[in-house]
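# Quick one: sequence and predicted model below, then my questions.
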Amino acid sequence: MSLKSNTLPEYRGQGYLSRQREFFRDPLHFSLEKGQQLGDFFYSRMLLKNIFFIYRPEVIQHILQTNQKNYRKSPAYDQLKLALGNGLVTSEGDYWRKQRRLAQPAFHKQKLEALFETMVGVSVQYMEDLQQRCQQTQQMNIALEMMKVTADIALKTLFNSDNDSDQQHLYHTMASTQEYIMYCVHAPYMIPWTFINGRRQPHGAPCH
């Protein structure tokens, strides 16, 4: 399968800087809107490279499964390493395969079933609590809500803890870390400045 850019629709917008502002201001809206205009496979020139937007299932399968060895992870994963380290999510190649073999026992069916039961329990409890709160308020930050339930699942499955102080600490850490990483992904040219203005600490942890 060929991914030659000269055979695909290209989005140019009002110019190089204009389309970058348009994309980084709201990536999801940009992707959906341009996908409706240009189809399920197009590209645009951004950050001095061609960025491909793919919605066609067979192409996604080709990239992620059938021919995955020919594709590398996005540079955005370098920023994810600030929070996740060089683990299964962020590593590649031989190092990834070595880690995957070491982690294989954790993917045993019985252990996954136990994790699944815990995740379901936390999720059910969260939905019951959410229904009660929905009766008291008309608005809520869904991104923050999803962050909280994710943190609750992580605490319960990884640390077997549901301590309130641990929850609040993890909520704050996850939110600030995600905000910082997304800032670096959306504005990579600003990364050097974060070392100067104190937003990034020497060991890579975001400042609060």
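Looks like it came in fine. Residues are numbered from 1 along each chain as shown.
# can you give me phi and psi for the nearest residue in space to residue 39 that is not next to it in sequence?
Beyond its immediate neighbours in the sequence, the residue positioned closest to residue 39 (Cβ to Cβ, 6 or more residues apart in numbering) is residue 9, lying 6.1 Å away. (C-beta placed from N, C-alpha, C; glycine too.) As for residue 9, its main-chain torsions (degrees, to the nearest 10) stand at phi -60, psi 140.
# ok, now residue 10?
Backbone phi and psi, for residue 10 under degrees, to the nearest 10, turn out to be phi -120, psi 140.
# Then the one 5 residues further on?
When read as degrees, to the nearest 10, the backbone of residue 15 gives phi 130, psi 170.
# burial count for it?
Burial of residue 15 is recorded as 9 neighbouring residues (other Cβ atoms under 10 Å).
# Hmm, the residue nearest to residue 39 is touching residue 42, no?
Yes - if you go by Cβ atoms under 8 Å, residue 9 and residue 42 touch, sitting 4.2 Å apart.
# Compare these two (neighbour count), which wins?
Looking at residue 9 and residue 42 with other Cβ under 10 Å, you find the greater number of neighbours at residue 42, namely 20 against 14.
# Make sure the more buried one is indeed in a helix.
No - membership of residue 42 in a helix is not supported by DSSP: H, G, I helix; E, B strand; the rest coil, which gives strand.
# can you tell me how far it sits from residue 56?
From residue 42 across to residue 56, the span is 11 Å (Cβ to Cβ, to the nearest Å).
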